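Undergrad: here is my input, please return the structure:
(one chain, ligands or ions: 1)
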Amino acid sequence: MSGHRAARRGPAAAAGAAGAAGAPGTAGGAGGADAAATPATIHPPALAVRAGVPERDVELDVEVPAGEVVAVLGPNGAGKSTLLALAAGTLRPGAGTVSVGGRTVADGATWVPPHARRVALLAQEPLLFPHLDALGNVAFGPRAAGAPRREAARVAHDLLDRVGAGDLAHRRPAELSGGQAQRVALARALAPDPEVVLLDEPLSALDVGSAAEVRQVLRRVLREAGRAAVLVTHDLLDVLAVADSVVVLEAGRVVERGPALQVLTRPRSAFAARLAGVNLVAGSLAGTGGEAVVEADGGLELHGLPDPACEPGSAVAAAFSPRAVSVHRAPPGGSPRNTVPVTVEALEHQGELVRVRGAGPGGHRLAADITPASVAGLDLTPGAAVLFTVKTAEVAIYPA
Ligand SMILES: Nc1ncnc2c1ncn2[C@@H]1O[C@H](COP(=O)(O)OP(=O)(O)OP(=O)(O)O)[C@@H](O)[C@H]1O
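TA: Numbers count the residues shown, from 1 in each chain. Down below sits the predicted model:
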């Protein structure tokens, strides 16, 4: 995560930094005048967790640059909650350092308690104070930090407006829908002007309609303010809508990181590939020029179009969409294409299509999305022996 990190949100990040009264004490105050300066070089990361928790076998190296939203993905037990707990200050690292806005908040000699870290948490449930109205909930943080009542109320009104809950200011949590309560909770999280917001599956407790609405609010509010955030999610839509970059954890380690689109379109880890819904085959590159072949375990060979950075003989990955795959009982004629023998393992609904999952040579897991009529026409059931075909031009090859 280096040079590219500020590029996608450079203007937003810069605007946020310039307008963030709560970001004193950094070079940013003086540097704000130079529009050409890159925020990444001026500001320390909003959050850096380079720390381990040996009893959980977790060893993390995650950085959230100022103004960026980093989505954290991974299967159950991968270490996502541990990362949030290290950042929030509810868990002490066994080794290493946690810093917020360039300030060390945990290491062998330092321990800054949660309330003093400038970190806010938005959890799955809104967890609002039931006896306070929305305004009181949002004003609570600024009041606790010593803001005069009128100033705290002004901040709270402003934030409620920004999350589209201005008209709910005098309702108590029991009078709010799930989506409304989560928007108020977001305003409350932002009210103390945190350096970084930790979003722990913030939409997972909402129904589909409310989740879509809150997702848009999250996107707008985080981008407007150039706010740094960590977003733990299992939902591809959250990543696409809200995140700048992605970190994938597996078994307590970072296995992949990069700009969100890159990770989703060119995944290197099995988890990211599954989330993104693409077929992914790792192997080594043979052939040169415009077309190349990925040679994978089990004798599986895939022709595709290589990224210029791919070196012959190097480790590469071939990726292609299940929608680009056709399924046949007998070898098809016609244009040159990859033809892979596959044993069907499962058929799943995939919108209006059916996802045919199967195992190819070497046990490589592959998927094809075809119409229900094709499934019927091919008489597909688990155990069926078929051929998956995909055109060379549909297979992207890139360095692994
Ligand atoms: N309180 C705890 N005490 C000891 N080990 C724990 C504790 N909480 C989690 N672990 C272990 O730490 C590792 C990382 O778990 P963590 O909860 O951070 O994963 P996660 O990615 O958040 O998973 P999930 O998606 O299921 O919430 C796992 O091996 C887990 O068993």
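
Undergrad: before we move on, what SS does the residue of the stretch 101-250 of the chain found nearest the ligand have?
TA: Of the stretch 101-250 of the chain, the residue with the smallest distance to the ligand, taken as CB to the nearest ligand atom, is L249 at 6.3 Å. To be clear about C-beta, it is placed using only N, CA and C from the backbone, and glycine gets the same treatment. With DSSP: H, G, I helix; E, B strand; the rest coil as the basis, the three-state label of L249 is strand.

Undergrad: could you do L86 as well?
TA: The three-state label for L86, taken from three-state DSSP, comes out as helix.

Undergrad: roughly how far does the residue of the stretch 101-250 of the chain closest to the ligand sit from V138?
TA: 32 Å (CB to CB, to the nearest Å).

Undergrad: before we move on, the earlier item: do you know how far the residue of the stretch 101-250 of the chain closest to the ligand is from L218?
TA: According to CB to CB, L249 and L218 sit 21 Å apart.

Undergrad: and this protein, which residues reach the ligand?
TA: Counting by CB under 6 Å from any ligand atom, the residues of the chain close to the ligand are 56, 58, 74, 76-82, 252.

Undergrad: just to revisit the earlier point, comparing L249 and V138, which residue is more hemmed in?
TA: V138 (30 against 26; other CB atoms under 10 Å).

Undergrad: the more buried one is in contact with A191, isn't it?
TA: Yes. Here V138 lies in contact with A191, judged by CB atoms under 8 Å, at a distance of 5.1 Å.

Undergrad: who touches both of the two?
TA: Where contact means CB atoms under 8 Å, 6 or more residues apart in numbering, the residues bridging V138 and A191 through contact with each are 155-156, 159.

Undergrad: how about CSV for those, with neighbour count, pLDDT and secondary structure added?
TA: As requested, the shared contacts of V138 and A191 are exported to CSV (neighbours: other CB atoms under 10 Å; pLDDT from 0 to 100; DSSP: H, G, I helix; E, B strand; the rest coil):
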residue, neighbour count, pLDDT, secondary structure
V155, 21, 96, helix
A156, 26, 97, helix
L159, 25, 96, helix
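
Undergrad: give me the contacts around the helix or strand where A373 lies.
TA: In this structure, A373 is located in helix 372-378 according to DSSP states H and E. With contact meaning CB under 8 Å, 6+ apart, helix 372-378 is reached by 327-329, 347, 353-354, 356, 384, 386.

Undergrad: cutoff 7 Å now
TA: Surrounding helix 372-378, the residues in contact under the criterion CB atoms under 7 Å, 6 or more residues apart in numbering are 327, 329, 347, 354, 386.

Undergrad: so which bits of that helix are buried?
TA: Judged by neighbour count using 16 or more other CB atoms under 10 Å, the buried positions of helix 372-378 are 374-375, 378.

Undergrad: same question for stretch 68-81.
TA: Counting neighbours by 16+ other CB under 10 Å, one finds that the buried residues in stretch 68-81 are 68-74, 78-81.

Undergrad: so what's A286 up against?
TA: Residues counted as contacts of A286 (CB under 7 Å, 6+ apart) are 292-293, 295, 312.

Undergrad: and those residues, which of them are buried?
TA: Among the contacts of A286, the ones that count as buried by 16+ other CB under 10 Å are 292-293, 295.

Undergrad: need those residues in JSON lines (columns: secondary structure).
TA: Rendered in JSON lines, the data for those read as follows (three-state DSSP):
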{"residue": "A292", "secondary structure": "strand"}
{"residue": "V293", "secondary structure": "strand"}
{"residue": "E295", "secondary structure": "strand"}
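
Undergrad: can you pull the pLDDT of the residue of the stretch 101-250 of the chain closest to the ligand?
TA: The pLDDT attached to L249 in the predicted structure is 95.

Undergrad: can I assume it is in contact with K80?
TA: Yes. L249 lies in contact with K80 (CB atoms under 7 Å); the separation is 6.1 Å.

Undergrad: that'll do, ta.
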